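Undergrad: with the input below, show me the fold.
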Amino acid sequence: MENLSRRANVLLEALPFIRKFYGKTIVIKYGGAAMVKEELKEAAITDIVLMHYVGMRPILVHGGGPEVSQMMNRLGLEPQFVGGLRVTDADTMDVAEMVLGGKINKQIVSLINQHGGRAVGLTGKDAHLIYAEKLTHHGGEEVDLGYVGEVRQINPEIIHLLVREGYIPVVSSIGVGIDGTSYNLNADHIAGQLAAALEATKLIMLTDVRGILRDKHDEGTLISELTALEARRMLEGGQFDSGMIPKVQGCLMAVENGVERVHIIDGRIKHSLLMEIFTEGGIGTMIVPTGP
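TA: Numbers count the residues shown, from 1 in each chain. The predicted structure is shown next:
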């Protein structure tokens, strides 16, 4: 009886958060260990399906760089990077589109469906969801990385349609040019810009660190909350490593364009999404608008 009472209390504690986020759009950048380790993958997908069933509107965005590299190695292609970005020639673009828009995307869709959700996989090519242009500058320098692009326009109508019909959209990091050219895009940037375009209530980035750290070498220096201005100053001051930079950039793209709250949380923790959404303090780092 005591155990049943505890379970009832847990549900009652979650009620205010269910009420608060009922009908709200929450964009989730899905990646890192939560997309690789089986028990973390199961936990994250279960969290997302639960969110859907209690009336929230989760939308997933994913990349999959390590799997692209693995497939390239299997095909005898050597991955090359410049400034942390993958050099993407025509062959590499074919592999990226096959792995991101095919294998990984359909694995996620299948797992959501197995857990009782109804997911639909998308790339930026579907219904002109993500228009992109060739990336020509990076880190203040002119670059030519082949078919690496940057988002120019989000057309979210297909997302709205799917959500209205009770589906969970799963978006891979492939964009399309106005001439039909495929581009390899940064999934963190897509998540931030998609959250803004959808006027999402929250953007949540799943990462392999606790959140934003005052000292990037010490996880004991977690910053629980900061403003967009503070985050931008840290970004411009070089306080983030190469893996965190696009995540913070994506967060700023969202929060500086109308998203109420963005969160960077530790996807290595089972059910970290539920901990963030259904508890008062949450976990990780929350970035809020700077204010007037």
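
Undergrad: and the pLDDT at Ala34?
TA: Looking at Ala34, its pLDDT reads 81.

Undergrad: how many neighbouring residues does Gln153 have?
TA: When counting by other C-beta atoms under 10 Å, one arrives at 14 neighbours for Gln153. Every C-beta, even on glycine, is put in place using the N, C-alpha and C of the backbone.

Undergrad: OK, contacts around the closest residue in space to it that isn't next to it in sequence?
TA: Distance criterion C-beta to C-beta, 6 or more residues apart in numbering; nearest residue to Gln153, sequence neighbours excluded, is Tyr131 at 4.1 Å. With contacts defined as C-beta atoms under 8 Å, 6 or more residues apart in numbering, the neighbours of Tyr131 are Gly124, Val151, Arg152, Gln153, Ile154, Asn155, Gly175, Val176, Gly177, Ile178.

Undergrad: the first one in helix, strand or coil?
TA: Right, Gly124. coil (DSSP: H, G, I helix; E, B strand; the rest coil).

Undergrad: how close does it get to Leu226?
TA: 31 Å (C-beta to C-beta, to the nearest Å).

Undergrad: helices of the stretch 101-250 of the chain, start to end?
TA: Here the stretch 101-250 of the chain has its helices, by DSSP state H, counting those that start in this stretch, at 105-114, 157-164, 187-197, 228-236, 245-255.

Undergrad: tell me the most buried of the ones you listed?
TA: helix 187-197 (a mean of 26; mean count of other C-beta atoms under 10 Å).

Undergrad: other SSEs contacting that helix?
TA: strand 25-30, strand 57-62, strand 149-154, strand 168-172, strand 202-207, helix 245-255 (3 or more C-beta pairs under 8 Å, 6 or more residues apart in numbering; DSSP states H and E).

Undergrad: same thing but at 7 Å, please
TA: strand 25-30, strand 57-62, strand 149-154, strand 202-207, helix 245-255 (3 or more C-beta pairs under 7 Å, 6 or more residues apart in numbering; DSSP states H and E).

Undergrad: now the ones you listed in CSV, with distance to Ala187?
TA: Output for those, formatted as CSV (distance: least, C-beta to C-beta, whole Å):
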stretch, distance to Ala187
strand 25-30, 6
strand 57-62, 6
strand 149-154, 11
strand 202-207, 10
helix 245-255, 8
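
Undergrad: kindly reformat these as TSV containing distance to Lys106 and mean pLDDT.
TA: Shown next, in TSV, are the helices and strands packed on helix 187-197 (distance: least, C-beta to C-beta, whole Å; pLDDT from 0 to 100):
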stretch	distance to Lys106	mean pLDDT
strand 25-30	14	96
strand 57-62	11	96
strand 149-154	22	94
strand 202-207	20	94
helix 245-255	24	93
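
Undergrad: out of those, which comes closest to Val163?
TA: strand 57-62 (5.1 Å; C-beta to C-beta).

Undergrad: next SSE after that closest one?
TA: Using DSSP states H and E, the helix or strand that follows strand 57-62 in sequence is helix 65-74.
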